[in-house]
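[1] Have a look; sequence and predicted model below, questions after that.
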Amino acid sequence: METQRQKKIAGVIQKDLADILQRAATDGGMQGTIISVTKVSVTTDLSIARVYVSVFPNAKGKELLEGMKAQQPMIKHTLAQRTKNQLRRMPELHFYLDDSLEYIDGIERSLKKGENPIENPDLLPKRKKS
């Protein structure tokens, strides 16, 4: 269970990181791409932050995730500059792709076709647990 401090730090990181990533994508020539930070979870020692990112359109998700991982030190520095009055130490950022919207879309598409994923679970791809 997360402590109040972990929740506050996760909220600060989520808010500022969403703005940083969206601005970087727009400046990088990816107009029409929406990047949202769906969830941030911070470890109990506040040293690692797991950042779950959702990208629309989904086709650009893996490409953007690789770019974020490559630019992680620069993103961390920019985030540290924005939160320097709120946080003493900036946690290490680990980026993960959040595929929950894609999974929900798959369920909706199969229900509209008249297929029932509850009766036939092989209709939907298996999700990885992270």
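    Perfect, thanks for sending it.
[2] Strands of the protein, residue ranges please.
    Under the criterion DSSP state E, the chain carries strands at the ranges 34-42, 48-56, 92-97.
[3] and the second one, what does it pack onto?
    Read that as strand 48-56. For strand 48-56, the contact count by 3 or more Cβ pairs under 8 Å, 6 or more residues apart in numbering; DSSP states H and E identifies helix 4-27, strand 34-42, helix 61-70, strand 92-97, helix 100-112 as packing neighbours. Placement of C-beta: from N, CA and C, glycine included.
[4] same thing but 7 Å
    strand 34-42, helix 61-70, strand 92-97 (3 or more Cβ pairs under 7 Å, 6 or more residues apart in numbering; DSSP states H and E).
[5] And for the shortest one?
    Counting contacts by 3+ Cβ pairs under 7 Å, 6+ apart, strand 92-97 packs against strand 48-56, helix 61-70, helix 72-82.
[6] Quick one: closest of those to residue 98.
    Taking Cβ to Cβ, strand 48-56 is the member of the helices and strands packed on strand 92-97 nearest to residue 98, at 4.2 Å.
[7] State the mean pLDDT of that closest one.
    For strand 48-56, the mean per-residue pLDDT is 92.
[8] winner for burial among the helices and strands packed on strand 92-97?
    strand 48-56 (a mean of 19; mean count of other Cβ atoms under 10 Å).
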